[in-house]
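J.: Could you look at this predicted model? Sequence included:
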Amino acid sequence: MMMMLRRLLRKRWVLGVVFGLSLIYFLTSTFKQEERTIKDRTLLEVRDSDHRIPWKVRFNLGNSSRQITQCRNSIQGKTLLTDELGYVCERNDLLVNGCCNVNAPSTRQYICKSCLANGCCSIYEYCVSCCLQPDKQPLLERFLNRAAEGFSNLFTAVEDHFELCLAKCRTSSQSVQHENTYRNPQAKYCYGESPPELLPI
C-alpha cells in the first residue's frame, strides 16, 4: 500500500493536480478576504461627513444624590484605582462593592494631580479621574464627533462617560512617535484633544 502511494506521488500529473488544487484554494481564500476588506472600506466611505454615529455616552453630571450600590473601577492599578464616580483611592481603600472608600484620608474625587494643561497625565488613574469631571463633557463630545470617522469601531462600544475615559486615557498611537517611543514619557495618558508634546531626545 505504501509502495503504491509512493509511486503515485512520484508521477508528475499527480503532483500537478495537488499543486493546482492548492493554488485554487489559495486564490479563492485571498479573493474572499479582499472582498471583505473592500466591503468594510465601502461602508466607511458611504457615510457622509454630516452623518454622526449615534453615541450612547451618558455623562455623569455630578449628581451626588444618586445611590450607587456597585461601582466599576479601573481595576489594573497596582497601588491606585479610580471608580466610576471619579474617586481615586489606594487599592486597600477599595470597598467590597468596587467603590473607593470616600472616608479614607487619601481618597480624592476628580483629581488631576499628575495632569498637564493639555490633558495628558503621568498616572493612568489620575487621567481617568480628571476626565470624569463634569466640566470635561464639551471637550469629550468634540472628541467623539471627530472620532466618529476615524475610530468608529473602537468608540462605538463605549456606553458611558466612565468607559469613554478608561478608553481615552489608555496609551494610543497619539502618545507615541515612530511606533516605539513615547512623545512624552512623563505624560503618556491623555484624555485631551491634543497628543502629548514631543520632548527632545
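T.: Received it, and whenever you're ready, just let me know what you need.

J.: Could you use CA atoms for every contact and neighbour count after this?
T.: Fine.

J.: pLDDT weak spots in this structure?
T.: Applying pLDDT under 70 to the chain flags the ranges 1, 5, 8-10, 13, 33-68, 147-157, 171-181, 184, 195-196, 198-201.

J.: how about the strands of it, start to end?
T.: Along the chain, the stretches classed as strands by DSSP state E are 80-82, 87-90, 108-109, 120-121, 176-177, 181-182, 189-190.

J.: Mind listing what's buried along stretch 112-125?
T.: Neighbour-count burial for stretch 112-125, counted by 16 or more other Cα atoms under 10 Å, picks out Cys112, Ser114, Cys115, Gly119, Cys120, Cys121, Ser122, Ile123, Tyr124, Glu125.

J.: Next one: the second one relative to Arg72, how far apart?
T.: According to Cα to Cα, to the nearest Å, Ser114 and Arg72 sit 22 Å apart.

J.: Turn the buried residues of stretch 112-125 into CSV, including distance to Cys89.
T.: Below are the buried residues of stretch 112-125 laid out as CSV (distance: Cα to Cα, whole Å):
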residue, distance to Cys89
Cys112, 13
Ser114, 15
Cys115, 17
Gly119, 20
Cys120, 20
Cys121, 17
Ser122, 16
Ile123, 13
Tyr124, 13
Glu125, 9
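
J.: Could you identify the most distant pair in these?
T.: Gly119 and Glu125 (13.0 Å; Cα to Cα).

J.: what ranges do the helices span in this structure?
T.: Assigned by DSSP state H, the helices in the chain fall at 2-10, 12-46, 124-131, 137-150, 152-155, 161-169.

J.: tally of neighbours for Thr69?
T.: 8 (other Cα atoms under 10 Å).

J.: Now do the contacts for it.
T.: Counting by Cα atoms under 8 Å, 6 or more residues apart in numbering, Thr69 touches Asn97.
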